[in-house]
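1. take this sequence and fold it.
(2 chains)
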Amino acid sequence: MTRLLRRARAGDEAALERVYPLVYEELRAIAARRLAGEAPGHTLSATALVNEAYVKLAGSGKVEWQDRAHFLAVAARAMRQVLVDRARRRAAGKRGGGARATTLSGKDLRAGGRDLEPEDLLALDEALERLEAVDPRLRLVVELRYFGGLAEGEIARVLDVHPKTVQRDWMKARAWLHAALRDRPGRE
Amino acid sequence: MSDAARWVRALEIFQAALDLPDDERAAWIERQTGGDEDLRRDVEALLSAHGREHGPLDRPLAVPPEDEGLQEALCEALEDRYRLEGELGRGGMAVVFLAREAKHDRTVVLKVIRPGIAARYGVERFEREIRLAARLSHPNILGLLDSGRAGGLPYYVMPHLSGRTLRARLSGEERIPAREAISLLRDVAGALAHAHAADVVHRDLKPDNILLVDGHAYLIDFGVAKLVDAETDPPLTRSGDAVGTPRYMAPEQLAGLSGVDRRADVYAWGQLAHEMLVGVPRELAPGDLEGRDVAPDIAAELQTARPDVPAWLAALVGRCLEVRPSRRIGSAGELVEALDREGIPRSRLRRGRGLAGAGLAGAVALAALALVVGPPLGWRTGDGSRQAVAPSAVDGVLEGPIAVLPFVNETGDPAFDLLGRLAGDWITEGLHAVGLLPVVPWPNSLAAADQAAAASARGGPVDLASFVAAETGATTVVAGSYFRVGDALRFRAEVVDVRLGRVLGAPPAETAPVTEPQIAIEALRDRLMGSVALATDERLAPAGSARRPPTFEAYRAFDAGMEKYISQRYAEAVEEFFRAFQLDTTFTEALLLAATNLYNRGTRTGMARADSVLEVLATRRGGFTRFQELRWTFLRALLDSDAEAALDAARRTGEIAPTSRTAYNAAQSALDLMRPALARRTLERLDPDRGSLRGWPSYWTALAHARHLTGDHEGELAAARAMRSRHPERRIARVLEVRALAAAGRREELEQALEEQETLSTATYWSLGAALVVAGEELRAHGHAAEGVAMLERGVAWLEARLRETPGLREHRYWIGSALYDLGKWSEAESVFTSLAEEFPERESYTGLAALALARMGRVDEARRRLSGSFPYSLGERGAFLGRIAGIAGDPEMGVTLLIEGLRRGIPGAPWLHAAGWPDLLLLAEDPRLAAVLGDGTAIPIPVPSPGS
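-> Next comes the predicted model:
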């Protein structure tokens, strides 16, 4: 797996495809397990989950993790997918019920409405795909920082760029995405 | 330039622009974009987005609790009954789904505990919530439709109402007008008062838990409600866990003090009022804890903030928000009283109406529901002259069940007596059609009124309304009377809340010619239905009001039918009911009762006719009330040999008419299905000495059966003896007593009980001979084979001697045949049963028993031929006979399969099967499923395969 990760780092998409499911499953399992034991209404930080997956997989002895950042690069991608899959299911659930005022509103119950709504997350996911067309590195930076919780220095190492570049990329990506999401129909 | 290329360029310009001082940016961008408007717009969008602070990427990314796989697991477990249509939300404890209930094709809300919570607290807590919710039945509490476990997780089902929470309403901009607030607060207080009366404290009352639908408030979550009685029911909430919502929590609750009681809900109600009126719940002020009364301050603050709030309401809210529970208003009931006193003035009910007066002609009553009926009841009226003046609508919160009293005849002419029953009956029918609250079935109200008359005759005035309410469990009654004005009759009625002693409303009196009183009754009924519908739900137009009461002539026949029905003259009752229907072909109730009586006759022809009557009724089901619909379904299921469906219909009838005998019917169906524990629970919850079960001997028979099958022979004996003391004329009580003693192996007492019967009449079904045979069968089944055989021989000797005194007596012959079969005298038994079957072809069980004996004689094919085409309306019984025959023929596997199929459809008489069928069950014992099917939920002896076989 370590070898695969290295190849993934070198841009070998096929290698990435093979590591990816493992990490994805691990994240999903951790999320489900952790949430089941948590207090009502509790949510987990994505960064915490990614780190836990790292500790778990690295400690399994099956693979050797020489570079945490490279694992996190894959994990960030997987985390994005885990969250998007969840959001898609939840949004589907909501649509299934139709747009109606009902006994309990999901919004009322979620803690303070601070987290992203499923629809917001799906929109963000979709915008990221469009950003990829503009500048693939911006997409990567967002994934690593937002979904993987990597620090700028770590991102710089994964991408082999100067930390200053990461900072600028983030600024650009953030502005672009927020502008793109603002244009989403039906918002604001 | 493509979109992507333009964006790349825009991002470059954007980045560079950020490095420039603000005042140079615009010019620089202008230059860089060089007149490309799209590009310039993109750059500006980026800059603007850059400056905004709260975009999605600025929020922490969290993984929401998804309860992975929960929905899938639920779908699987609920597949048949509910289809999940989407998630509505998730609370601390549960996930809430919108679902479609297949059976009733309606949308419901399904609440399932979250797996993590189930693991942490145990399902116990949640199931307690369900049990609590099940105890509550109030128009302003969203009730419980169903509950269960799916995939190991407890769930429950509530009605789905479209509306929004009070929280959502409060988040809106506009203020709630004082009048509306009072009305909503009254709804909430009424619901709380009901819960408090049931010893349930909500503990988590808040705007999020209140649903607003069409101007009414409904409490929707008793999620953390807890029994007041902490001693018998220790709180499950872990110490330190905050239950409730801080600002709505009473100070003592916040402090985690023990002994949180109803007054915590009163506090929360005060906060609710405060937030509705002022916009926020009240904060505790520093001086609040100093010990003085804070109510006056709160009231003053409230009125300053909302000058339109009446002083009484401000004072009331203040008194709810007192810090010390002892200074607070004591209960939600007091709130209701205060709100009704101040908010909505009402007329008062004159109390102490006496009952006296002449007895009326014709004994009438009872039991449209139970399939066999109790003794006839005399009927007396009260004098009750009174004046009813009130608003025309029922303007209170109606609480079911509602009962209609027979109208009082004030004409002074006994010729009009029957009209009082026609009015009561027909208005009851109308209330069933409204379908918004449980209604006491008319026969039960009538029987209770009769009890009131009897009590009154014994001494002292009795308040008819209170008496009937107590007897039937009703909280609200409709009381009426009629008198003569020249050539017209004038009917009037009022709706009375019995517990509060308050007239909720009275429609204007209705007048009709003496020759056509039903016109006035119909008009009054429509008005009452409308009022009740309005009081419970403003959206609803009175349902079914187009239907007319029967003509007077038709009702006269109907009444005669009822009388015959009660005295168990089913054949004659059928004729009267048919006549009533011929006189008025809109009178479907008469036809339904005709079918009931046909079924009760228990003969094959009777069943076939009941079947065709039900088919005729099927074309009119559109006009049925829900009550009629369920009774139709019950009969249909019985005739279809579908005991499961019958049980379901009986239980659902019980929901809308909780004080009827439907619970008994349900228990009977459970016995047919060999589910004695369910039957027992159902029966033991009922009060056999009150209301519709008073004087109902079959209750005790069923209870004795249920206890026998669950192995509680002490309890069985108690039931038999209770029956004997209440119904000494019912000889079956003696046999049940003997049966319990035999099963318990208490042989001395058994002998004594048999001895006591020696002086009793002999020419009866449940004779001493029957007792001897039953005792013999039980002794043998319960491990006393030799004594059992001796007892059976005694039985045959006794019965044969009596038969010589009354030759041909069917009853004795049946028991002789049974005992001979038990003793292995196959051919003798065969000739007894074959001759009975020939003489009484309508009684199919003789054919079945003859077939068994034939099979024993080795004539299996002939036995099967005899049974072919038999029992078309009792396939369960047929399955049991065919199964026994298969066992006799040496095919235990087929035998048990048929028996299982029979039990699935319900076997009338199933409680007797294990002992009476013992020799045949022995032959089936090889198949291990026999023990599984008979032993599941029962504690009866099951034959085991003999070592040699």
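2. hey, which helix or strand in the chain has the poorest pLDDT?
-> This is for chain A. helix A:106-109 (a mean of 31; mean pLDDT, DSSP states H and E).
3. not quite, go with chain B.
-> Between all helices and strands in chain B, the lowest mean by mean pLDDT, DSSP H and E belongs to strand B:226-227, at a mean of 36.
4. C-terminal to that one, what's the next element?
-> As assigned by DSSP states H and E, the chain's next helix or strand after strand B:226-227 is helix B:251-254.
5. helices or strands up against that next one?
-> Under the contact criterion of 3 or more CB pairs under 8 Å, 6 or more residues apart in numbering or on different chains; DSSP states H and E, helix B:251-254 touches helix B:262-278. All C-beta atoms are positioned from the backbone trio N, CA, C, and that covers glycine.
6. how about the helices in chain A?
-> If you assign secondary structure with DSSP state H, the helices in chain A sit at A:2-9, A:13-37, A:46-59, A:68-96, A:106-109, A:118-134, A:136-142, A:152-159, A:163-182.
7. could you say which helix or strand holds the most centrally placed residue in chain B?
-> For chain B, the residue sitting closest to the mean C-alpha position, by CA atoms, centre = their mean, is residue B:655 at 2.3 Å. Under the criterion DSSP H and E, the helix or strand holding residue B:655 is helix B:643-656.
8. what's the answer for residue B:77, then?
-> Applying DSSP H and E, one finds residue B:77 within helix B:70-78.
9. right, and residue B:554 touches residue B:588 too?
-> No. Under the contact definition of CB atoms under 8 Å, residue B:554 does not touch residue B:588, with a separation of 11.4 Å.
10. quickly, which of the helices of chain A bottoms out on average pLDDT?
-> Lowest mean pLDDT within these: helix A:106-109, at a mean of 31.
11. the stretch 151-300 of chain B against chain A: which residues are in contact?
-> Contact residues, the stretch 151-300 of chain B versus chain A (CB under 8 Å from any CB of the partner chain): B:158, B:160-165, B:167-168, B:208, B:211, B:220.
12. neighbour-wise, which one of those leads?
-> Counting neighbours by other CB atoms under 10 Å in any protein chain shown, residue B:211 leads these with 25 neighbours.
13. that one belongs to a strand, doesn't it?
-> Yes. Residue B:211: assigned to a strand according to DSSP: H, G, I helix; E, B strand; the rest coil.
14. correct me if wrong: the residue nearest to the centre of chain B contacts residue B:438.
-> Yes. Applying CB under 8 Å, one finds residue B:655 in contact with residue B:438, separated by 7.3 Å.
15. what do the two both touch?
-> Counting by CB atoms under 8 Å, 6 or more residues apart in numbering or on different chains, residue B:655 and residue B:438 have no contacts in common.
16. on that earlier part again, what sits against the residue nearest to the centre of chain B?
-> residue B:438.
17. can you give me the end-to-end distance of stretch B:699-719?
-> The separation between the terminal residues of stretch B:699-719, taken as CA to CA, to the nearest Å, is 9 Å.
18. list the buried residues in that stretch.
-> With burial defined by 16 or more other CB atoms under 10 Å in any protein chain shown, the residues of stretch B:699-719 counted as buried are B:699-713, B:715-719.
19. also stretch B:768-785?
-> Of all the residues in stretch B:768-785, those buried under the rule 16+ other CB under 10 Å are B:768-782, B:784.
20. ok, stretch B:826-845 next?
-> Here stretch B:826-845 shows B:826, B:828-830, B:832-834, B:836-837, B:840, B:843-845 as buried, counting by 16+ other CB under 10 Å.
21. tabulate those (TSV), appending secondary structure, distance to chain A and pLDDT.
-> Below are the buried residues of stretch B:826-845 laid out as TSV (DSSP: H, G, I helix; E, B strand; the rest coil; distance: CB to the nearest CB, whole Å; pLDDT from 0 to 100):
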residue	secondary structure	distance to chain A	pLDDT
B:826	helix	64	95
B:828	helix	69	96
B:829	helix	63	96
B:830	helix	64	96
B:832	helix	65	96
B:833	helix	61	96
B:834	helix	64	95
B:836	helix	61	94
B:837	helix	60	93
B:840	coil	58	87
B:843	coil	54	85
B:844	helix	52	87
B:845	helix	52	89
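22. of the residues you listed, which is the nearest to residue A:138?
-> For these, the closest approach to residue A:138 (CB to CB) belongs to residue B:844, at 84.6 Å.
23. need the overlap of contacts for residue B:554 and residue B:588.
-> Looking at what touches both residue B:554 and residue B:588 (by CB under 8 Å, 6+ apart), the common residues are residue B:581.
24. by contact count, what packs against whatever helix or strand residue B:560 lives in?
-> Assigned by DSSP H and E, residue B:560 belongs to helix B:552-566. Taking 3+ CB pairs under 8 Å, 6+ apart as contact, the helices and strands that helix B:552-566 lies on are helix B:417-434, helix B:517-536, helix B:570-583, helix B:588-601.
25. any buried residues in it, and which?
-> By neighbour count, and taking 16+ other CB under 10 Å as the criterion, the buried residues in helix B:552-566 are B:552, B:554-566.
26. off-centre distance for that helix?
-> Taking CA atoms, centre = their mean, to the nearest Å, one finds helix B:552-566 lying 29 Å from the centre of the chain it belongs to.
27. what's around residue B:103, how many residues?
-> Other residues within reach of residue B:103 by the criterion other CB under 10 Å amount to 11.
28. ignore the last one, residue B:27
-> Burial of residue B:27, expressed as a neighbour count using other CB under 10 Å, amounts to 10.
29. which SS class is it?
-> Residue B:27 ends up helix, using three-state DSSP.
30. and the pLDDT at it?
-> pLDDT, read off for residue B:27, is 86.
31. any idea how far it lies from residue B:17?
-> Between residue B:27 and residue B:17 the distance, using CB to CB, to the nearest Å, works out to 11 Å.
32. thinking again about what came up before, just the ones of the buried residues of stretch B:699-719 in helices?
-> B:699-709, B:713, B:715-719.
33. count the neighbours of the residue in the stretch 251-400 of chain B positioned nearest to chain A for me.
-> The shortest separation between the stretch 251-400 of chain B and chain A is 15.0 Å, found at residue B:275 (distances taken as CB to the nearest CB). By other CB under 10 Å, 21 other residues sit near residue B:275.
34. grab the nearest non-local neighbour of it.
-> In space, not counting the residues next to it along the chain, residue B:275 is nearest to residue B:281; the distance is 4.7 Å by CB to CB, 6 or more residues apart in numbering or on different chains.
35. please apply the same query to residue B:147.
-> Using CB to CB, 6+ apart and skipping residues adjacent in sequence, the residue nearest residue B:147 is residue B:156, 3.9 Å away.
36. the closest residue to residue A:121 other than its chain neighbours and residue B:742: what is the separation?
-> The spatially closest residue to residue A:121, leaving aside those adjacent along the chain, is residue A:87, at 4.2 Å (CB to CB, 6+ apart). Computed as CB to CB, the residue A:87 to residue B:742 distance reads 68 Å.
37. who's more crowded, the two?
-> Between residue A:87 and residue B:742, counted using other CB under 10 Å, residue B:742 has the larger neighbour count: 30 against 22.
38. helix/strand/coil for that one?
-> In the three-state summary, residue B:742 is assigned as helix, counting by three-state DSSP.
39. what's the closest non-adjacent residue to residue B:625?
-> Among residues not flanking residue B:625 along the chain, residue B:432 sits closest, at 3.9 Å (CB to CB, 6+ apart).
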